[in-house]
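Asks: Only the shape, not the letters, is given here:
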């Protein structure tokens, strides 16, 4: 009688052992937590401070690439096709010792288009890229 109550004659248990599964999931969680900060990339951007001066048309040696709302490009107000950007950047920046470019993008332009223009500028030798602040009232 005492032997029948100790169990063992019931057959096989069909319960799933979840302990190894939890161990594997915890190891994967730790791996992802460690690798996530290493996959982040930073991009340094210099934005000039907003100026409240009324002088709009000053003659300077600064180069401003405009990405206009209609999808076109302009360098210092001169319209340009996207296929001509690389040649124009080389023409401008090859003789210059200071390779600085300001980008003025319309709010409706996509991030990829701005990055493509920046890649073309870097390929032409531009070392520093800054962004112009948005114009007040626009």
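Replies: Thanks, I have the structure now. Quick caveat: nothing in here was measured; it's all calculated off a predicted structure.

Asks: Residue 103 is in contact with residue 131, isn't it?
Replies: Yes - at 5.4 Å, residue 103 counts as touching residue 131 under the criterion of Cβ atoms under 8 Å. Just so you know, the C-beta spots here come from the backbone N, C-alpha and C atoms, and that holds for glycine as well.

Asks: So between the two, which is more surrounded?
Replies: Higher neighbour count among residue 103 and residue 131: residue 103, with 18 against 15, using other Cβ atoms under 10 Å.

Asks: Which element, helix or strand, includes the more buried one?
Replies: strand 100-105 (DSSP states H and E).

Asks: now the angle from the helix or strand just after that strand to strand 100-105?
Replies: Moving toward the C-terminus from strand 100-105, the next helix or strand (DSSP H and E) is helix 111-123. Relative orientation of helix 111-123 and strand 100-105, computed by axes from the mean of the first three to the mean of the last three Cα atoms, to 10 degrees: 160 degrees.

Asks: Let me know the next secondary structure element after helix 111-123.
Replies: Sequence order places strand 128-131 as the next helix or strand after helix 111-123, per DSSP H and E.

Asks: Any buried residues in that following strand, and which?
Replies: residue 129 (16 or more other Cβ atoms under 10 Å).

Asks: what's in contact with that strand?
Replies: Residues outside strand 128-131 that contact it (Cβ atoms under 8 Å, 6 or more residues apart in numbering): 45-48, 99-105, 118, 121-122.

Asks: and of these, the nearest to residue 78?
Replies: Closest to residue 78 out of the contacts of strand 128-131 is residue 104 (13.7 Å), distances taken as Cβ to Cβ.

Asks: Thank you kindly, that will do.
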